[in-house]
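Q: Model the following, please.
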Amino acid sequence: MVTQEQRKRQLAREKFLRQQQRRTAARRKARMRNSVIASVLGVILVGSVALYTTGVMKGDGDDKADASTSAQPTPSAVADPCKKAESGKVKTATWKKEPSLTIDKSAKYTMKLATTCGDIDIALKTAAAPHTVNSFNFLAAKGYFDHTKCHRLTTNGIYVLQCGDPTGSGSGGPGYTIPDENLKDKSLKGDTYPAGTVAMANQFNSSTGEGKNTGGSQFFLVYQDSPLPANYTPFGTVSESGMTVLKKIAAAGESTGAGDGAPNATVVINKATVTKS
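A: So this is what the prediction gives:
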């Protein structure tokens with residue numbers, strides 16, 4: 001027969017085990033969340049010897065990203081809302097150093113992404129991010145983005161479409177890097193990148209502070225407010241019509257069903273142009 005004292009000890013042990021199980025589950029959830037966010041924004045630039053893994057943003061546990069998942073539609077269950085891509089080859093050129101600063105920092109510039117899903121017009125923040133805008137002006141003039149796929153869509157925790165990699169693998173880049181800029185933009189309140197933001201992907205590791213100034217050509221377009229620290233150069237704002245296109249792409253979901261993968265929609269940039277106005 002179990003005594004009252006033995007019963008108390010048994011209940012205490014059971015309570016302790018439940019606490020341990022909850023802590024283990026919480027740690028597992030945090031690791032999953034950080035892996036999703038890191039895989040979205042990570043980029044290994046061409047010529048870099050540093051390998052970028054899903055642990056790069058391990059220290060971003062304070063980003064408030066909710067890792068709770070709901071299954072996304074499988075590719076076979078979703079009709080592709082986009083048109084067939086125009087014929088043409090992806091450029092493979094790279095450059096050893098950042099292009100000379102030739103843009104007029106006092107002028108207004110816009111970028112147009114003519115995609116298979118519709119046009120995405122972007123007002124560029126020239127004065128606040130001159131190196132970034134200058135780089136996009138240079139690359140667009142070279143046809144660097146033409147015929148490239150937007151290779152990643154995230155629908156869980158953060159809400160972004162990532163583009164700008166000619167290889168379509170998440171590891172491509174122009175061969176040079178550009179400095180971080182405009183990280184104190186007034187729009188980035190409460191560690192949130194608001195819907196409509198266009199920002200640079202990079203290799204920044206918030207837990208070590210390494211990887212600053214590692215932007216290349218990959219960028220992400222935010223289609224819904226996303227909890228992220230101000231580590232990624234915000235250099236443009238999507239127009240209202242462009243947001244309609246982004247939401248159409250997002251509604252089609254991504255390929256893995258886990259919230260981070262290739263878009264089910266075939267998103268190809270037929271032509272990218274930067275125009276001074």
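
Q: What segments of the stretch 51-200 of the chain are strands?
A: Remark: strands assigned in the stretch 51-200 of the chain by DSSP state E, counting those that start in this stretch are 109-115, 118-124, 148-149, 152-156, 158-163, 192-193, 197-200.

Q: Distance check, residue 256 against residue 201.
A: 19 Å (C-beta to C-beta, to the nearest Å). (Each C-beta comes from the backbone N, C-alpha and C, glycine too.)

Q: neighbour count winner among these two?
A: Between residue 256 and residue 201, residue 201 has the larger neighbour count (other C-beta atoms under 10 Å), namely 27 against 15.

Q: unless I'm mixing things up, that one is touching residue 211, no?
A: No: between residue 201 and residue 211 there is no contact under C-beta atoms under 8 Å: 11.1 Å.

Q: In space, what's closest to residue 219 - neighbours in sequence excluded?
A: If the residues on either side of it in the chain are set aside, residue 219 comes closest to residue 164, at 4.8 Å by C-beta to C-beta, 6 or more residues apart in numbering.

Q: give the contact list for that neighbour.
A: 145, 148, 201, 216-219 (C-beta atoms under 8 Å, 6 or more residues apart in numbering).

Q: Can you tell me which of those residues is nearest residue 83?
A: The closest of the contacts of residue 164 to residue 83 turns out to be residue 148 (C-beta to C-beta; 15.9 Å).

Q: Next, the contact list for the closest one, please.
A: Contacts of residue 148 by C-beta under 8 Å, 6+ apart are 90, 163-166, 168, 268-269.

Q: can you put those in a markdown table and add distance to residue 122 and pLDDT?
A: Listed next are those as a markdown table, based on distance: C-beta to C-beta, whole Å; pLDDT from 0 to 100:
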| residue | distance to residue 122 | pLDDT |
| --- | --- | --- |
| 90 | 21 | 97 |
| 163 | 11 | 98 |
| 164 | 12 | 98 |
| 165 | 18 | 98 |
| 166 | 19 | 97 |
| 168 | 21 | 95 |
| 268 | 17 | 98 |
| 269 | 12 | 98 |
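
Q: Buried ones among those residues?
A: Among those, those buried by neighbour count (16 or more other C-beta atoms under 10 Å) are 90, 163-166, 168, 268-269.

Q: Specify which member of those residues is nearest to residue 79.
A: residue 268 (16.9 Å).

Q: didn't that closest one look like it was pressed against residue 113?
A: No: look at residue 268 against residue 113 with C-beta under 8 Å: they stay out of range, at 10.1 Å.

Q: Name the nearest residue to residue 277, ignoring sequence neighbours.
A: Excluding the flanking residues, the one nearest residue 277 by C-beta to C-beta, 6+ apart is residue 108, at 4.8 Å.

Q: what's the spacing between that neighbour and residue 90?
A: Distance check for residue 108 against residue 90: by C-beta to C-beta, it reads 29 Å.

Q: For the stretch 1-150 of the chain, which segments count as helices?
A: With DSSP state H, counting those that start in this stretch as the criterion, the stretch 1-150 of the chain has helices at 4-41, 130-141.

Q: Would you single out the least confident of the ones you listed?
A: Ranked by mean pLDDT, the helices of the stretch 1-150 of the chain bottom out at helix 4-41, which scores a mean of 61.

Q: quick one on the thing from earlier: which one among the buried ones among the contacts of residue 148 gets closest to residue 231?
A: The shortest approach to residue 231 among those belongs to residue 164, at 17.3 Å (C-beta to C-beta).

Q: Could you measure from the closest one over to residue 273?
A: According to C-beta to C-beta, residue 164 and residue 273 sit 15 Å apart.

Q: got the buried residues for the helix or strand where residue 245 lies?
A: Using DSSP states H and E, residue 245 falls within helix 240-251. By neighbour count on 16+ other C-beta under 10 Å, the buried set for helix 240-251 is 242-243, 245-246, 248-250.

Q: Compute the inter-axis angle for it and strand 109-115.
A: Angle, helix 240-251 to strand 109-115, by axes from the mean of the first three to the mean of the last three C-alpha atoms, to 10 degrees: 40 degrees.

Q: Great, nothing more from me.
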